[in-house]
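Participant: no sequence on this one, just coordinates:
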């Protein structure tokens, strides 16, 4: 171990975070566009005798990686989620784990609405129409879509991002309902303050009666393939499905079938299964007429990504200096 601790970063994060780390430590960054292999991360930790690791959601951080450097004291992930990290293995080794909670709530809600409006008003399809030189004149029925105002918005999962998404419905006078494991009176009161009357309903009712369904649940065993053929057939043939949560929440093959058989009108996805979604994946034959896909950019605003970098750096510094990690995944999981 050198006198100056070393931090290994598995992807180039915004400079505001790297600068904070470079002020204190030797910082080595993986410069590749694609994620480094798990074995590479482990070997680099060993070569560098690294005390800190900054990783991404796309990295698998298990016991093998954690054992790469005996001096490793902290893993900080540039993400809200941390299911790519073996928390129990980290706790057993006395390695702190930090993440970046709360920072991307509003930005991801913005993206959910961007997909919702793009699907409703067919903007991506419209751009392709113009680009293909098909725009010859104004037409009374050209690229018509459903109204957003006065429509019914269904939120599956009224957590932070789900609440932020529902709050934005106030400007469109939408009828908002939500489903989840239980009713959330505190969230209802929060939304009522901005003029949104959110009603708790069972998921079956929400799917059947919503014009727009937006998914905001974590990917756990209970939510894997939460939206499959049965659920898609419960939705209106004019409904729009939006997913900015995790790709595995939606059964991709079932969604492909739903779009093919017109069980629903359209879908907007920022997350997919598989992810990344290959350019030749069969479901993309529905784009852009019935499907809009963005490459997991829910948190991709400059301000949000900079704050994530700062938070990741703060967690790393605290872990190396032996101080409490400000955003501890171990604490969230009850392992501290």
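Facilitator: Received the coordinates, thanks. Owing to the predicted nature of the structure, the values given are computational and were not obtained by experimental measurement.

Participant: Determine how far the last residue of stretch 198-216 lies from the first.
Facilitator: In stretch 198-216, first residue to last residue: 15 Å (CA to CA, to the nearest Å).

Participant: List the buried residues in it.
Facilitator: For stretch 198-216, burial by neighbour count (16 or more other CB atoms under 10 Å) applies to 198, 200-201, 203, 206-207, 209-216. All C-beta atoms are positioned from the backbone trio N, CA, C, and that covers glycine.

Participant: what's the one helix or strand in the chain whose mean pLDDT sits lowest in contact with?
Facilitator: When the helices and strands of the chain are scored by mean pLDDT, DSSP states H and E, helix 329-332 comes last with a mean of 95. Here helix 329-332 makes contact (CB atoms under 8 Å, 6 or more residues apart in numbering) with 77, 82, 85, 87, 90-91, 96-99, 101, 325, 336.

Participant: Same check on stretch 275-285?
Facilitator: Looking at what lies outside stretch 275-285 - CB under 8 Å, 6+ apart - the contacts are 247, 252, 255, 256, 259, 274, 291, 293, 295, 296.

Participant: Can you flag which of these belong to helices?
Facilitator: 252, 255, 256, 259 (DSSP state H).

Participant: re the thing from before, could I get the buried residues of stretch 198-216 in JSON lines, plus columns for secondary structure and pLDDT?
Facilitator: Formatted as JSON lines, the buried residues of stretch 198-216 follow (DSSP: H, G, I helix; E, B strand; the rest coil; pLDDT from 0 to 100):
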{"residue": "198", "secondary structure": "strand", "pLDDT": "98"}
{"residue": "200", "secondary structure": "strand", "pLDDT": "98"}
{"residue": "201", "secondary structure": "coil", "pLDDT": "98"}
{"residue": "203", "secondary structure": "helix", "pLDDT": "98"}
{"residue": "206", "secondary structure": "helix", "pLDDT": "98"}
{"residue": "207", "secondary structure": "helix", "pLDDT": "98"}
{"residue": "209", "secondary structure": "helix", "pLDDT": "98"}
{"residue": "210", "secondary structure": "coil", "pLDDT": "98"}
{"residue": "211", "secondary structure": "coil", "pLDDT": "98"}
{"residue": "212", "secondary structure": "strand", "pLDDT": "98"}
{"residue": "213", "secondary structure": "strand", "pLDDT": "98"}
{"residue": "214", "secondary structure": "strand", "pLDDT": "98"}
{"residue": "215", "secondary structure": "strand", "pLDDT": "98"}
{"residue": "216", "secondary structure": "coil", "pLDDT": "98"}
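
Participant: Let me see the contact set for the residue most central in space within the chain.
Facilitator: Nearest to the geometric centre of the chain sits residue 245, at 4.7 Å (CA atoms, centre = their mean). Residues in contact with residue 245 (CB under 8 Å, 6+ apart) are 157, 161, 215, 216, 217, 218, 219, 271.

Participant: Which helix or strand contains it?
Facilitator: Using DSSP states H and E, residue 245 is not contained in any helix or strand.

Participant: Find the residue closest to it in space, skipping its chain neighbours.
Facilitator: Nearest residue to residue 245, sequence neighbours excluded (CB to CB, 6 or more residues apart in numbering): residue 215, at 4.8 Å.
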